[in-house]
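Chemist: requesting a structural model of the entry that follows:
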Amino acid sequence: MKIFIRKAAACAAGLLLFLPMLLPTGADAASRLEVLVTTFPIYQITRNVAAGRKALNIVLMLPSRMGCPHDYVLTPQDMGRLARTDLLIINGLGMEGFLDRAIESAKAGMRVADSSAGIGGILHYEDAHNHAQEGHGHDQDSLNPHLFASPGLAAAVALNIAGELSKIDPEGASIYYTNADLYAKSMNLLAGDFAELGRRLKNNRIVTQHGVFDYLARDMGLEIIAAVLSLEGQEPSAAGMLETVRLIRELKVGAVFTEPQYPSRISQTIAREAGIPFAELDPAATGPDDAPLDHYETVMRKNLSVLEETLGTR
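Modeler: Sure thing, here's the model as predicted:
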């Protein structure tokens, strides 16, 4: 028994000596750069770009299942994160209006990276999304911030993020650019598959729930004749719904597409009244807290199948 106790004590002492080698020290944790990303899709792209680099602590600000933050109000926890952040990565194009004042009082020296900076072909919300919803107060000069729903533009966003991460962590630049290049190639292949499907579809006219798929529609050659919700997520009036039904019948629209981020009742009602199919497309604006790195591609490839099955091919 005495021998066993001595051996157990020796093992415990050895384990205690070994544990500091397994656990990050306070100095290691303190040396990590804090990167705060506002929205889930940009957070996922950032994670892909930074994969394999331990010098960063990447944190998502908004809840992963929230979607577009039209009316988001910063919490005390958000303000605390901003006070610790070295780099804040935003979607840009007006998506984060709730941050305007907070950035002014954030941590001194904090960098703000607009992931959309320098990307060409930015769309404004088109009249096609509004003529069935008069009286909702749409701003035709508003820029459409949903670049992430286009795989080709997601590739450009990844390259932007690689550049920004390299500025705060030059030693990791080769990792960031290598990851971004690989991610961009994967996204461009996916974009090619969407474009190829667009050329084969029997009907390229659709109704969407809101303007999240405008860039993908442009990539594929789809014509969005109306969006059910206003820019602020407001539902249409009864007159607006009837106008959308009329347009669908007049223009022989192929389908109405809903999104998991919004209630689908109104869109489904419009589709049934017009006598056309409805189906769900997911822009990957939301996802699980523990989403894998390939979450976006998995979701978008499912969208490919849904578009083909719903609209048919020739």
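Chemist: so where does Asn188 fall, helix or strand?
Modeler: helix 173-200 (DSSP states H and E).
Chemist: can you map out the strands along this protein?
Modeler: 33-37, 56-60, 87-90, 111-114, 205-208, 223-227, 255-258, 278-280 (DSSP state E).
Chemist: out of those strands, nearest to Asp290?
Modeler: Checking the strands of the chain against Asp290 by Cβ to Cβ gives strand 56-60 as the closest, at 11.5 Å. Placement of C-beta: from N, CA and C, glycine included.
Chemist: give the other helices and strands that that closest one contacts.
Modeler: Judged by 3 or more Cβ pairs under 8 Å, 6 or more residues apart in numbering; DSSP states H and E, the packing partners of strand 56-60 are strand 33-37, helix 40-50.
Chemist: and that strand, how far out from the chain middle?
Modeler: 16 Å (Cα atoms, centre = their mean, to the nearest Å).
Chemist: swap in stretch 190-199?
Modeler: 20 Å.
Chemist: could you export it as CSV, CA atoms only?
Modeler: Coordinates of each C-alpha in stretch 190-199 appear next as CSV, following Å, rounded to 0.1, in the frame of the first residue of the first chain:
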residue,chain,number,x,y,z
LEU,A,190,-19.3,27.2,-56.7
ALA,A,191,-20.1,30.4,-58.5
GLY,A,192,-19.5,28.7,-61.8
ASP,A,193,-21.9,25.9,-60.9
PHE,A,194,-24.6,28.5,-60.1
ALA,A,195,-24.0,30.3,-63.4
GLU,A,196,-24.1,27.1,-65.4
LEU,A,197,-27.5,26.2,-63.7
GLY,A,198,-28.8,29.6,-64.5
ARG,A,199,-28.3,29.0,-68.2
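Chemist: mind listing what's buried in it?
Modeler: Under the neighbour-count criterion of 16 or more other Cβ atoms under 10 Å, stretch 190-199 has Leu190, Ala191, Phe194, Leu197, Gly198 buried.
Chemist: and for the third one, nearest residue in space, chain neighbours not counted?
Modeler: With Cβ to Cβ, 6 or more residues apart in numbering as the criterion, Phe194 has its nearest non-adjacent residue at 5.1 Å, and that residue is Met220.
Chemist: hey, which of the helices and strands packed on strand 56-60 is tucked in deepest?
Modeler: Most buried of those, by mean neighbour count (mean count of other Cβ atoms under 10 Å): helix 40-50, with a mean of 25.
Chemist: other residues contacting it?
Modeler: Contact with helix 40-50 is made by 35, 37, 56, 58, 60, 62, 64-66, 89-91, 115, 148-149, 154, 157-158, 161-162, 165, 172, 175-176, 179-180, 183, 283-287, 291, 293, 295-296, as judged by Cβ atoms under 8 Å, 6 or more residues apart in numbering.
Chemist: could I get that helix in CSV with only the CA atoms?
Modeler: Below are the C-alpha coordinates for helix 40-50, written out as CSV (Å, rounded to 0.1, in the frame of the first residue of the first chain):
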residue,chain,number,x,y,z
PHE,A,40,-22.3,35.4,-38.9
PRO,A,41,-21.4,35.1,-42.6
ILE,A,42,-18.4,37.4,-42.4
TYR,A,43,-17.3,35.6,-39.2
GLN,A,44,-17.4,32.3,-41.1
ILE,A,45,-15.3,33.7,-43.9
THR,A,46,-12.8,35.1,-41.4
ARG,A,47,-12.5,31.7,-39.7
ASN,A,48,-11.7,30.1,-43.0
VAL,A,49,-9.0,32.7,-43.7
ALA,A,50,-7.4,32.4,-40.3
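Chemist: need the mean per-residue confidence for it.
Modeler: Average pLDDT, helix 40-50: 98.
Chemist: and for stretch 274-292?
Modeler: Averaged over stretch 274-292, pLDDT sits at 97.
Chemist: buried residues, stretch 200-219. List them.
Modeler: Buried-residue list, stretch 200-219, by 16+ other Cβ under 10 Å: 201, 203-219.
Chemist: in this structure, which spans are helices?
Modeler: For the chain, the helices defined by DSSP state H occupy 2-22, 26-31, 40-50, 76-84, 100-104, 151-168, 173-200, 214-220, 238-251, 265-274, 295-311.
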